[in-house]
Structure formats: structure tokens, C-alpha cells
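**Q** structure for the following, please:
(chains A and B)
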2 protein chains.
Amino acid sequence: MVHNIMTNKHNIILQPSGRRGQVEEGQSIRSAARDLGVEIESICAENGTCGKCMVLIEEGRFEKYNIDSRRENVSPITPAETAYFERRPNLLKSKGWKVGQVRLSCQCKIQGDVLINVPEESRGNKQIIRKSATQREIEIKPSIRKYLVLMEPPNLERPIADWERLAKGLGTSISLVRSGEENLPQWSDFTVDYACMRTMSATLREAKWKVTVSVWQDKEVVQVQAGYHEDSYGAAVDIGSTTVALYLCNLRTGEILAAESEMNPQIVYGEDVMSRIQYTIEHKDGLEKLHRAIIATLNKLLKQAVKTANKKINENGSGSQQDRENGNDSAIEPVNEHVKVEDILEMVLVGNSTMHHLLLNLSPKDLGLAPFVPVIHKSVDVKARELGLQINPSGNIHILPTIASFVGADTSAMIIAEEPHKQDENWLLIDVGTNAELVLGNRNRLLCTSTPTGPALEGAHVEYGMRAAPGAIERIEIDEKTLEPRYKVIGVDGWHSDHTRFKGHVKGICGSAIIDGVAELFRTGIVDSRGKFQTKLESNRIRLGASGWEYIIAWEDETSIGRDIPMTQQDVRQIQLAKAALFVAARTLLKRFGLQSPDKIILAGGFGSYIDKEKAMLIGLIPDCELDHVFAVGNAAGDGARIALLNVEKRNEIGLITRKVERFELPTDPEFQNQFMLATSFPHMSEPFTHIAHLIPNRTIDALAKKFVTK
Amino acid sequence: MVHNIMTNKHNIILQPSGRRGQVEEGQSIRSAARDLGVEIESICAENGTCGKCMVLIEEGRFEKYNIDSRRENVSPITPAETAYFERRPNLLKSKGWKVGQVRLSCQCKIQGDVLINVPEESRGNKQIIRKSATQREIEIKPSIRKYLVLMEPPNLERPIADWERLAKGLGTSISLVRSGEENLPQWSDFTVDYACMRTMSATLREAKWKVTVSVWQDKEVVQVQAGYHEDSYGAAVDIGSTTVALYLCNLRTGEILAAESEMNPQIVYGEDVMSRIQYTIEHKDGLEKLHRAIIATLNKLLKQAVKTANKKINENGSGSQQDRENGNDSAIEPVNEHVKVEDILEMVLVGNSTMHHLLLNLSPKDLGLAPFVPVIHKSVDVKARELGLQINPSGNIHILPTIASFVGADTSAMIIAEEPHKQDENWLLIDVGTNAELVLGNRNRLLCTSTPTGPALEGAHVEYGMRAAPGAIERIEIDEKTLEPRYKVIGVDGWHSDHTRFKGHVKGICGSAIIDGVAELFRTGIVDSRGKFQTKLESNRIRLGASGWEYIIAWEDETSIGRDIPMTQQDVRQIQLAKAALFVAARTLLKRFGLQSPDKIILAGGFGSYIDKEKAMLIGLIPDCELDHVFAVGNAAGDGARIALLNVEKRNEIGLITRKVERFELPTDPEFQNQFMLATSFPHMSEPFTHIAHLIPNRTIDALAKKFVTK
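**A** Predicted structure coming up:
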């Protein structure tokens, strides 16, 4: 790793993974990315000659956060880079990239904050090994199988129809390809999708009776292509309330050809699911509008993904030539085939129950009204043309099953990705958002529930809360002696106490720092275990503000908003309510399961990836557990969708699991209110938190001891 | 039967069956109809009080053929009729009928030519017994089964989705309704059509969880209706090149609720199938235009049929009240439910292979080019919404299998209707048109072929040929001594020799008379067995015309066209070619089968219903056979479509049969040309026609004898 003698650190954000961190000045982008877990390709030992490690410097992105775009954030173009691009005069044009925007990441060094886009062609990790609580390989068993079929031409003696000769040839091809397998499908049992039937005969003749036939689920012919083709494509989509992420995959290799994301366009009709449900109830065309909005965005993402994938394939033209020269076996396979929209033969989509209903144009009304039931649990298969999704019109759209009104297809996908149902240990999966979904269990039994945690954990309903964006405090520590804080701000280097020169940049507090802040207020005794401010402590940061007691984290002159930024008594109360809701849900699951604590806790979703797990445990957001056994797995729902796309058996598996998962609604538990009050305390009024006990202030322990003695 | 003392006879045509005949003046319409095989309802012993026998006098129809509309063609309205209609002041208005147009057929007597429309509500024969070579009942086993489902409402304890509770309730209902049956479907195996899924939840709540569920093929839910319903509807359609006929049926009772027909709108793009195929090849949007045209006509027919059915149901309101007063058990069933378009849950369609392809928007190009193959043989099931057919969008469209390029789904339907595959005897089925399809066989083996007979048999390519319409000569006899003809003309009473007062009405010769004429020319020796005019005979009717020898059937002053109407040498040649093609096809089938002659000959289609079978045999159009064993069965294709609509097992049956039918193209038979030349003779150069031997002129027999002796 190359280090600059200066000790300056800079922020780097890597797209599309969203990983970010601080790196030392002068480190190469490729090296910095690897440190953050983002692998970038290279086969020339960082000599700047292979071109595999190209990245796009998207520094312009900072402009929208009012932080100046500075050209000098990265080092100048090197002679190696100049030589590389001069030998490929059409490369930039063909990809639509600008000079200076694209760099070889092994050559380009970091000299300031950068936002980097790692294009798909440069990404490493092409083996399909998921990062999860246990690293796992995905077995590729797509719903689509392709067969080369050499048909008998028709003749006057036996003028058999095109379909019957095709089906017979297909039957022969299948028995050749899959000889030895039991229960091979019979040719007379095949069906042909109507849209495929319409174009089939012309293709057969064009192909002179040599075609590649794509069969869905071993029964339905969905595509007939002239000649020999190996690859079909599929798209896995996670429709979040806020963000829609689409992965375009090669169904044969499992390779991700493009990863694209867009804001969920439904957000203009309501920030959260309840307000979108409300919109469909109050507006006659509301459902249709929300449905069309998501379909349009999915079509946009599909188009982008195909473009991205083809850019990569164009570039790989020379690469595969090289492969051939190197005697690489894979070079005998057909490469360089462009991805065509009609070669996308399947999509798998997940989302919470409301997103699920809006995607399918099903009224979500009853998801929002007691007794809160979805239209359907079972997975749905529907032709792409029925939903207006612009892949092959004969392609299938598979939507994973829902489990309950507030435990949707995204939770099903999380289960597919993390596989709690295959564990001997007891795992607790938590997907934290405005609503938290929890799944607890092992190979014998799974329980699930959901709880409304409210938006506090995402920074809303907190006086100076904000989304994770530049200017947001993302980490807080408080010195237990001086009661003085230090903090980190997104887009500003280092901790506050080191960098007074970044004063004037602080805008608010994002979710991870809210957890930090409350935990530190408690650890340092500024608030007691009941969340009450200790007003007698000697610190000018503790004061009676306009809305009650508060602790000032950033003074007025450190901010861009010209006011002191405090955490207030009210903020602490908000967090207490949210964490109590989550904790009681977890505790109720554990109790129903007969457990004191889980063996592993798996935090899914973006939020889980950024919080400090020790501090989350200190405030009692998650149950007591070995800290090493708490994992943040990122977008498990998106991973699950991709797994279901690539392995059709997983769909049956999750169908069986979701039918057996025991689901229940918390308000029906009689102890709920009582449990909830106990859980508002830090970390809890009546639970020992042995794994973070050393962080609990003595007076809390004394109080608890007294309480237990009194009992 | 009431007879008038006058001996006048009048023409009657009964719609929609198309049956016609001559009846004596003064006979009641109901009685005349029964004589012609059209049963009209009545429950008051013809006292004019029950009103069940209403018919519409559509005499106006004659106007368009320039024959005067005369009020006095039927007897005046009787006091009984006046009383009946006065008691029902809204009846005519509700049905859209005019005073005088509608009559009670038991009261109304025939006094002139009439065109009668028997509305569906007045038709008898509601038992589903088909008129066919063997009368047969249709067993009602539709693809749709309906179940009353009482669902569990959702509750907070068990907030199960709507579909899962519905499916479970359905499973319970099925096991109650069909207890004892093996292999009852499991609730978890049911699927729900996507369009049905979209509206289901609202219906369930409106219905307070008591619904009627319609299940297609024991697996897919296609309709959920609030409350209890017994009836679903279906439509059977025969798409002919010229005429499209649609039957709206009650799927539970099998009753035909409406029979509607329209011209095939594709006729403007080409009279015959080859010219329509050509149109799709020559015009880029040709296929789309032809497809849209037939879909639009089917939608028009569906709309008309629903209207007709509801008119009937409105009228039956009082009838069912009566039923209840009579303690009729059936009155406890829900009656008077109007047919709604969304309650039509299935359509079964048949047509020749070109009609089949155009319906499905499949290019018919390869049907018209060697080696003449269809896109698909197998039956097609496709959702109504995919084709834009306006029944329930979840409804299924079933199209019967094709057998070959020129042996289409209409032949499959003919097989379903006539069941040659269930006979011990050897049956020969012939559907005569511009193209003739032939099926020969028994329960062990079926052979089929087709042959282009050309349009001569339908009156085209014959100098004065015309369609069967008023003014057309439809029967011809020639006196063997005087060589003078007598003939009958559609729309004109009696035979020519009886009614010289109808001179000036003759326009041309239709198909049945062309067969008659050629047969009579041969029988009387005017043409010899080779079809050559005998020019030495003494008759001024035999003369050398502009285009060769001819025989004058109607002199100039008998016609409306101001010219003599002859049958020419050329006409005889045309018939020789057509009959030889048909005969050789039949003979080739018989030979391949190892038979000299069939046990029964079944003539399907309109043409077969009107020809004189003895004369058809005399010219050698059909093989030698007992005349009593030759049957005309009318629209067997339409019957077959209706049978497949009402009995789902017939679909599997015909699927298996069509896969086993041995089909072959005649031109591949090496003996074809030789056989063809022999078959152009009357009745045949080398076949004994024992059953019509007495009609064959002596000199032909002498010639044949000489030939055989010479040999």
C-alpha cells in the first residue's frame, strides 16, 4: 500500500456498493477500495497496462451537497494511463465516458474527498460467494434451461406442424443433454407461451431448423433463437420504500452484469408505506398511479442495466481475444454476445408487502386496516407482458411470498439469503427500518414478527436528525470525565476535536450517531437508566433548552445552520420508544421460542451496516449476545432475490418455509405493555446485559442491585 | 296438421337453422316448422295462451332480393294473440320487437313465402341430443366447476392472506361436494389467475366471505362472485371462411341461450383462404388487419348473444313465476339471472387452419407454401385478454387442434361431433367446400386427407353459377324422352313446368342444381360418360353456343337477366374435375384402408345438406354406398365446438385422436394422376356403382361392358 508522507485523510465513497471510509492521502483508489472490501480487477500487477481496473471519478456528485468540486482531489493522469487510452482511441466514446472522468484505479491516487463509481467490468469477486453471516456459495440452477435443437425440416410426406417437430426435437435434445436423470419431461407435455408461438415459425426458417430453445421450469418454451446461444439473462430486484435496486445477472454463470438503482418514484405520493396506502384509498386512480410509477422505474433500470452490461461486453472484446491467445479454455465459448432485452427471460422481485401489492397492482388497503391481511402470501408468477415489464414478453415475473401484512417478500428474501432454517444454532434476523421485521429460529422452527420502531432510528422525529448525507454527524463519543464530546461528520475528515478547521459544516445527526449519542449520554451518566437527564452534573453542555433538558453536541459556530445542535430529552425518549419496541419484539420471540438469548444476531439492511453494535447493545436496542456474534450483512433482501433468480429450488424452499413460519402480531401478547415499559430503560430494567456490562455506569448497576435485593 | 283446401305451396325458411322447404297454404308456422325438423316450444296445446311459441316474421328479408314484401303472406292476428300481447304491454318494447312482426306460431298461418326467425326462447329440443348420423346425447362436463365457499374471516390472531383462506375454504367445499372422488385437488395446489387476483379481495369483503368460486380445469380460480351462483356461460364458435357462427351456452345445463352469426369480415381481403394468405404476405400489416377483423366480429357476436340471452331471460320472468306456482322443483334454483359478459368464462373455437392462424395472429404463410405446415397442431389455450376477446378477462380461449395445413380445427370438431373413432363400422366423413376434407375409419384407425375441389361445387367457375339465394335454380330434372327440363327456383313456388307465371325470376344455378343438372344430362344421355355433349340428339335445347356445346335450362323469358341460362360443356368439365378430385381422395383413403366402400357416408357442412344424394352418387361425386347410409349432418364443426365447450374430456379425446390420425397429401400418391383421369367419367371409368346402377344409361353400361370384354 502506497502512503503519502502527509497524514491527511480523505473520504471515499464507492458506488454502487455504497461502501465508504476514510483513506490516507496518496493511497491508490484500487488499494483504498480493497481496504473497504471492494475488489477491483487487475491482471497487470498494477502496472497500468491491462486496463481492467478502470473507475469513474464521480466527484461532481459532491456539488449537490454544496461542497466544492475540486479537480485536485485525485492525482494527475500518469504516462501509463495516457498510453493505455491512446492505444484505444474509441474506448471512451463507445462507453460514453469523458476524458479525466475515467482513470485506472491502480494509477490514480487520492488527494481529497472522492466519489468513485466502479463500473461492473472492473469489479472483482465474480465467484458467487455471498458475504453473509456464514459465507456461502450459490448453486446455479435457474428456471431457464437452454437446449440446442436440430429439427427435422417439414416435408410433403410428413407435413408435421412447426411446434410438434420443435417439441419432438427438444425432447431428443433434452434426453441427450440430461441422460441418466429421472423424470425427464416428455415432448408432448411441453407447452409454448403464446407470445413465443407467434414468432417461432419465422425464426425456425431463418435458422434453417437449428435453434436454441429456452424452456422455463422444464415445461414451457419461452424463447426460440436462431443458432446456438448459451446465455440467458435475469434481473433480481429489491423494491424498497425508498430505493429500488436491480441486478442484471447471467443465468448460466450467475455473474452480475450490472447493478443499478433508482429512488422509488412512489416517494412523491408518501414517504412511508402507510401514507402510500392512504393515497390509494383517498384517490380513485391512486393505485394505478403508484403501480405505473414503479413499473416505469423498473423499465428504466432494465434499460440502464442492459446498457451497462453491453458497455462491459464491448470492452471485453479485446479481453476475450487475449483469453484465446492465452489458451484460456473459456474462450471457446461464445463471448461478446450483446445482452438484448428479449434475452432477459426472468425477473425475481422482492419488497415489503405494500411494495409487493403496488407492484402487482393489488389494492394495499387491507394491509393498513385491522386485521391487516395481504391479498396473497403465495409467490406469484405472471408473464412480463401482463405487468408491462419490458423484458422478453414471454418471460416470467416471480414475486417471492409474503409472510404477513408487515412481514413481506423482502423478509422471505432475507431468509433465503441467510438461511436461519438450515442452522443448528438459534439465529435472530433483524431488518431495521421504520418497521422492523424479526425472524428467530433454527432448522426445526422459525418464528417471525414485526414491530413499528418509528422513524427515530433513521433520524426522523429527532430534533436535529437527518439522513446519512454530507454534513451529518455519524459518530459521537463523550469523555466520561470532562463530559466533552468528539464527533465525526460525513464529508469532513476525522473527529471534531482534531479538525476545528471544519467548523461550520455540521448540519444534523444521522441514525448511527443518534444511537451513539444516546449510548454515550447513558454511559457517561448524563442520562440515567430511565433516560432522564441528570441536571446536577458540571458541564455547560447540559442545560435547560426551549423544550426541556438537552446536551449540546456541536456549538453554533461548528454548524452550517447557525444554531447549537443538541440531543434533547425528547430525542432520548424517541429512541427509548423505538428501542423498546424492537427489544420487546425480540424478547417476545425469544420467550415464545424458550430462549434467553440468540446464538447469533444478524442485522440486515443499510441501517444495520453503519451502527456501532456495542453501543446498540448498550442502549438495549438488540438483545444481549456475544458481540462477535452480531453481524451486519447489508442488503440481504437483494441477495435473496438474486439467489431465488439463480436457483429455482430456493423458490420452492421459501414457499414451504413461509407456510411453516409462525407469525404473530405483538399487540396480541398480554404482557406487551408491561414488557414495553421495562424495555424503555437502558439497557433494560430487568435484563442482565453481560456482554456490555463493563460499559454500564456503576450507579445503574447499584440501582439494579438494590432493586433486585428489595425484591 | 291443418290443410287449406287450396293446393298452393309456399316457401318457408326458418332462421337461424337455415332449414327451408315448401309447405301447404294455411299450415301453421309451428306445424310447418316441426315438419322441417325445427321444434318450437308450446305448453298450452296450441291454444295461443302460453306465448312460448313466439316467432318473428322476417318477410322483409325478401325485399333485398327484389321479391315484393306482401303483408298477406301470413294470416291476420287472431283474438288469442291480441289478448296475449295486451296482457303483456311491455313485452314487445323490452324485446325491441314491432307489432305484427312477432306472432304466436301456433296461431299464425302461412299464405305465401315467409322467412321466419325462431327466437332462442321459443326453440325446443333443449335436451342436448344432437342430430347426427347416430343421435347422441352430450354429457355435460364443462372445464368450469363452481363451488360455494364460506371462508373464515381474517382476524388478528391469524391474519392469513385472502387467497390462502379462500383456497383453503375452496378445498373444503370441493371435498364436501365431491366426496368419494379420487384425486381431489389439494387447496395448496390451486392457482389464481392474475386478473382474478386483482379484484378478488374487494369481492370477498363485499360478499362477507360467502362467495362462489369458479375453477377452471380443477386447478385455476378464474372468477370469484359474491354470494351463490349456479350458472356460468361459454361460447362455441365456428369460424368459416364465409360465415362465423357463435353459440352462447349455459355451461351447467348445456342450453343454447343464443345463436348468432355474421359474415366473416376477412372476406373483403380475399374470398378464399389462399387469397387471404396472399394478403398477409403482400401487406406488412395484413396479418394484423385480418386478425383484428375477426376479433372485432367475435366481440360483436358475443355482445349480440348476451343481448339475445337476456331478452329471453327477461321474458322468462313470468314463466318462472308460473313454475313456482306449479310447484316446479326447478323454481328453487336461482332463475332470471342476467347473463353478464364477465360470466362468460370460456370460448371454444374451430375453423380451418387458415382461420385458426388468423384468429391466433399467427402468420398463415407456410400454410400456403409447400410443404404446407401449420405453426401448431396441438390445441391452444390462451387467456381471453391476450386475444382481446371480451368475455371475462380470466376466461380461457380453447382452440381445437389442427390436423394438417388443409385439415383444420373444423375437421377436429367434425370428428368430435360424429365420432368415427368410436364406430365398429367404417365411416367416411366428407366436409365439402372449395376444399374438401375427408376422414375415413373406425375405432381402430382413422385416415384423413384433403383435396381442392375448386369452387365449382359452390356455383363459382360455372358460367351461370351463383350462391344459394332467391332466384337461383336449386333443383333440375330432365325428361329422358322429351329432353325437356323442369326446375325449382329459390323464392319461387313449385317446379318450373307448373308455374310459368313466375317467369322472369331466374338468375342462375346454385350448387345443388349444378349437381342435379350434370347428373340429369348424363342420365338422359345428353352428355356421355366422358362428359361429352351428344350433339346429334333431337332437342332445340342442345346447341353450339359461344363457348361450345350447351344445354339450355331456362329460356331468356324465364330469367331476370334477359339471357338463356344454359349448362355448358365447360360447366360439365368443371364438375368433372371437382368430383374426380373428391372421388379420388375418397378412393385413395378407402384403398389405403383396404376397403371397397364405406359403411356410411357422412356429409357435413351446408352444401352436404342440400344436394340430392342419389344424383351426387350418379355422377360419382361420392363413392358407391347404400343410399340410406348417406347422411347429411349440417354444421358438424359448430356442433363439435359446442361439444368440446360442454365436455372438457372431449378435448383430451380429440387431442389424442388428432395425434394418431394418419394424414397424407394426395399429390404424393403415384397413382393419383391415373386415378384422377379414370374418375372424371360418370360415374367412373372403372368402378361399379351398384346402388345407382338403374340410373346409368344403357349405352354407358354397354360401353363399359365392351371395355371390360375387350380387356
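
**Q** can you pull out the strands in the stretch 51-200 of chain A?
**A** Using DSSP state E, counting those that start in this stretch, the strands found in the stretch 51-200 of chain A span residues A:54-57, A:102-104, A:114-117, A:129-130, A:136-137, A:144-150, A:191-192.

**Q** chain B: which of those strands is closest?
**A** Of all those, strand A:191-192 sits nearest to chain B, with 7.5 Å by C-beta to the nearest C-beta. From N, CA and C alone the C-beta is placed, and that goes for glycine too.

**Q** each with direction, which strands does the closest one pair with?
**A** The strands beside strand A:191-192 in its sheet (DSSP bridges) come out as strand A:220-226 (parallel).

**Q** off-centre distance for the partner strand?
**A** 33 Å (C-alpha atoms, centre = their mean, to the nearest Å).

**Q** helix or strand next in line after that strand, which one?
**A** Sequence-wise, the next helix or strand downstream of strand A:220-226 (DSSP states H and E) is strand A:233-239.

**Q** downstream of that next one, the next helix or strand is which one?
**A** Counting by DSSP H and E, what follows strand A:233-239 is strand A:243-250.

**Q** check which helices and strands the helix or strand just after that following strand is in contact with.
**A** Per DSSP H and E, the first helix or strand lying C-terminal to strand A:243-250 is strand A:256-263. Secondary-structure packing of strand A:256-263 (3 or more C-beta pairs under 8 Å, 6 or more residues apart in numbering or on different chains; DSSP states H and E): strand A:243-250, helix A:286-325.

**Q** not counting its own residues, what contacts strand A:256-263?
**A** A:16, A:120, A:123, A:233, A:242-250, A:297, A:300-301, A:304-309, A:312, A:339, A:642 (C-beta atoms under 8 Å, 6 or more residues apart in numbering or on different chains).

**Q** using PDB, write out every CA atom in it.
**A** In PDB, the C-alpha atoms belonging to strand A:256-263 read as follows (Å, rounded to 0.1, in the frame of the first residue of the first chain):
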ATOM      1  CA  ILE A 256     -23.800  -9.800 -12.100                       C
ATOM      2  CA  LEU A 257     -23.600  -7.900 -15.400                       C
ATOM      3  CA  ALA A 258     -25.000  -4.600 -14.000                       C
ATOM      4  CA  ALA A 259     -26.200  -3.200 -10.700                       C
ATOM      5  CA  GLU A 260     -28.500  -0.200 -11.000                       C
ATOM      6  CA  SER A 261     -30.500   1.700  -8.500                       C
ATOM      7  CA  GLU A 262     -33.000   4.500  -8.500                       C
ATOM      8  CA  MET A 263     -35.200   6.300  -6.000                       C
END
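
**Q** buried residues, the helix or strand following it. List them.
**A** For strand A:256-263, the following helix or strand on the C-terminal side (DSSP H and E) is helix A:273-282. By neighbour count on 16 or more other C-beta atoms under 10 Å in any protein chain shown, the buried set for helix A:273-282 is A:Val273, A:Met274, A:Arg276, A:Ile277, A:Gln278, A:Tyr279, A:Thr280.

**Q** about what we covered before: which among the contacts of strand A:256-263 end up buried?
**A** By 16+ other C-beta under 10 Å, the contacts of strand A:256-263 give A:16, A:120, A:123, A:233, A:243-250, A:297, A:300-301, A:304-306, A:308-309, A:312, A:339, A:642 as buried.

**Q** A:Leu389 contacts A:Met347, correct?
**A** Yes. Applying C-beta atoms under 8 Å as the test, A:Leu389 and A:Met347 come out as touching, 6.4 Å apart.

**Q** between the two, which contacts overlap?
**A** A:Gly395, A:Ile397.

**Q** next one: the residue of the stretch 201-350 of chain A found nearest chain B from A:Val572, what distance?
**A** Taking C-beta to the nearest C-beta as the measure, the stretch 201-350 of chain A has A:Ser201 as its residue closest to chain B, at 4.9 Å. A:Ser201 sits 71 Å away from A:Val572, taking C-beta to C-beta, to the nearest Å as the criterion.

**Q** again, but for A:Trp427
**A** Using C-beta to C-beta, we find A:Trp427 at a distance of 31 Å from A:Val572.

**Q** the more surrounded of the two?
**A** A:Val572 (28 against 24; other C-beta atoms under 10 Å in any protein chain shown).

**Q** quick check: pLDDT value at the more buried one.
**A** Looking at A:Val572, its pLDDT reads 94.

**Q** helices or strands next to whatever helix or strand it lives in in the packing?
**A** Secondary structure assignment for A:Val572, by DSSP H and E: helix A:569-593. In terms of contacts (3+ C-beta pairs under 8 Å, 6+ apart), helix A:569-593 is packed against strand A:427-431, strand A:435-441, strand A:446-452, helix A:511-523, strand A:548-554, helix A:672-679.
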